[in-house]
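A.B. asks: give me the fold of what follows.
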Amino acid sequence: MLSIAEGLSLLKQLHSLVIPHHPLLEECFVRDIESEIEQPFFDSLRASYDGFNAWFLKCAKENRKCYILKVDNKITALLIYHKEKSSSHNLPNISDDSIKMCTLRS
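C.D. replies: Numbering: from 1, shown residues only. I've put the predicted structure just below:
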């Protein structure tokens, strides 16, 4: 038998979305790197996705998060992700919230 506090702790462990941390990657908000959008790193994204800059700025306004890898103070890898509620993603056989990878570039 569990106490109320132990039961709550167990429920939080079983039903919490945990995003792991990586020692080389920096987790931040897209708005934190908004000023770096003109870096050459983003050129291929702009070339392959018409409207990329507008979408990127929308992500910044929505407070989306991302992981970045910087080398010599320049972005060399980017993963923009979005936490989606189960009512929004409509993924078959998945009734929990999910993480949508929106952009991945290295």
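A.B. asks: just checking, R64 touches E27?
C.D. replies: No. With contacts counted by CB atoms under 8 Å, R64 stays clear of E27, the gap being 11.6 Å. Backbone N, C-alpha and C define where each C-beta goes, glycine included.
A.B. asks: so for those two, which sits in the more crowded spot?
C.D. replies: R64 (19 against 15; other CB atoms under 10 Å).
A.B. asks: which residues touch the more buried one?
C.D. replies: Residues in contact with R64 (CB atoms under 8 Å, 6 or more residues apart in numbering) are 29-30, 80-82, 102.
A.B. asks: so which strand or helix has the closest residue in space to E34 that isn't next to it in sequence?
C.D. replies: For E34, ignoring the flanking residues on the chain, the nearest one in space by CB to CB, 6 or more residues apart in numbering is A60 at 4.7 Å. Here A60 sits within helix 52-61, counting by DSSP states H and E.
A.B. asks: how about A47?
C.D. replies: Secondary structure (DSSP H and E) places A47 in helix 43-48.
A.B. asks: what's the local residue count around D97?
C.D. replies: The number of residues packed near D97 is 15, by other CB under 10 Å.
A.B. asks: now do it against L104, distance only.
C.D. replies: 20 Å (CB to CB, to the nearest Å).
A.B. asks: that older thread, just the buried subset of the contacts of R64, written out for ChimeraX, thanks.
C.D. replies: Buried subset of the contacts of R64, written as a ChimeraX selection, criterion 16 or more other CB atoms under 10 Å:
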select :30,80,81,82
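A.B. asks: in a markdown table: the contacts of R64, plus distance to S44.
C.D. replies: Shown next, in a markdown table, are the contacts of R64 (distance: CB to CB, whole Å):
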| residue | distance to S44 |
| --- | --- |
| F29 | 23 |
| V30 | 18 |
| I80 | 15 |
| Y81 | 19 |
| H82 | 21 |
| C102 | 16 |
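A.B. asks: give me the subset of the contacts of R64 lying in helices.
C.D. replies: Secondary structure defined by DSSP state H assigns none of those to helices.
A.B. asks: and of the contacts of R64, the nearest to L14?
C.D. replies: Nearest to L14 among these is Y81, at 22.1 Å by CB to CB.
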